[in-house]
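A.B. asks: I need the structure of the sequence given here:
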Amino acid sequence: MFMTTLQVALGGAIGAALRFLVGLGVLRLTGPGFPMGVMAVNILGSFIMGLFVVFAAKTSNTYLSPFVMTGILGGFTTFSAFSLEAYTLFERGQTGQAAIYVGASVVLSIGALIAGVITARGIYA
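C.D. replies: Residues are numbered from 1 along each chain as shown. Below you'll find the model as predicted:
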C-alpha cells in the first residue's frame, strides 16, 4: 500500500507540473479571457485516460493504473476521472444514472465553489 501511495504521489507531481506547463503554453497561444488552458487540459486528459484504460486492459498493464490514472492524470486533470466514470455508467447501459451523475456533478460542484466563495468572502470581509 505504501509503494502504491508513492506511485500516486509521484504521478500526481508529474501531472500537476504538466498541467501548469500546458496551461501556460495555451495561455501564451490564445491570450487571457476564455479558459482555453483548463479546457484543453480537461479534453487532453480525458482522451489520454481513454487511451490508457484500453491499453492497460489489453496489455495486462493495469498495475500502472495508480501511477498513470490516479497520479499523472489525476494531477493533470480530475476531469478525466469524472469522464471515465460517466462513460462507464453509460457503457453499462445505466444512461439515466450517467445523466444524473454528470448533471449533479457539474451543478453541485459549481454550487459548492460558489458557496466556498461566499463563505470565504464573509470570513475575510
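A.B. asks: Just the element for residue 119, please.
C.D. replies: Element membership for residue 119 (DSSP states H and E) is helix 95-124.
A.B. asks: Show me what that helix is packed against.
C.D. replies: If you count contacts as 3 or more CB pairs under 8 Å, 6 or more residues apart in numbering; DSSP states H and E, helix 95-124 packs onto helix 79-91. For the C-beta atoms, the positions are set from N, CA and C on the backbone; glycine is no exception.
A.B. asks: for the helix it packs on, packing partners?
C.D. replies: Checked by 3+ CB pairs under 8 Å, 6+ apart, helix 79-91 has helix 36-58, helix 95-124 packed alongside it.
A.B. asks: okay if I get these as CSV plus distance to residue 11?
C.D. replies: Formatted as CSV, those follow (distance: least, CB to CB, whole Å):
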stretch, distance to residue 11
helix 36-58, 12
helix 95-124, 23
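A.B. asks: sorry, back to before: can you give the distance of the helix holding residue 119 from its chain's centre?
C.D. replies: Distance of helix 95-124 from its chain centroid, counting by CA atoms, centre = their mean, to the nearest Å, is 16 Å.
A.B. asks: try stretch 71-83
C.D. replies: Averaged C-alpha coordinates place stretch 71-83 at 3 Å from its chain's average position (CA atoms, centre = their mean).
A.B. asks: Distance-wise, check the residue minimising distance to the centre of the chain relative to residue 16.
C.D. replies: Centroid-nearest residue in the chain: residue 78, 1.8 Å away (criterion: CA atoms, centre = their mean). Separation of residue 78 from residue 16 (CB to CB, to the nearest Å): 11 Å.
A.B. asks: before we move on, the earlier item: distance-wise, check the residue nearest to the centre of the chain relative to residue 23.
C.D. replies: 14 Å.
A.B. asks: What's the separation between residue 12 and residue 4?
C.D. replies: Residue 12 is 12 Å from residue 4, where distance means CB to CB.
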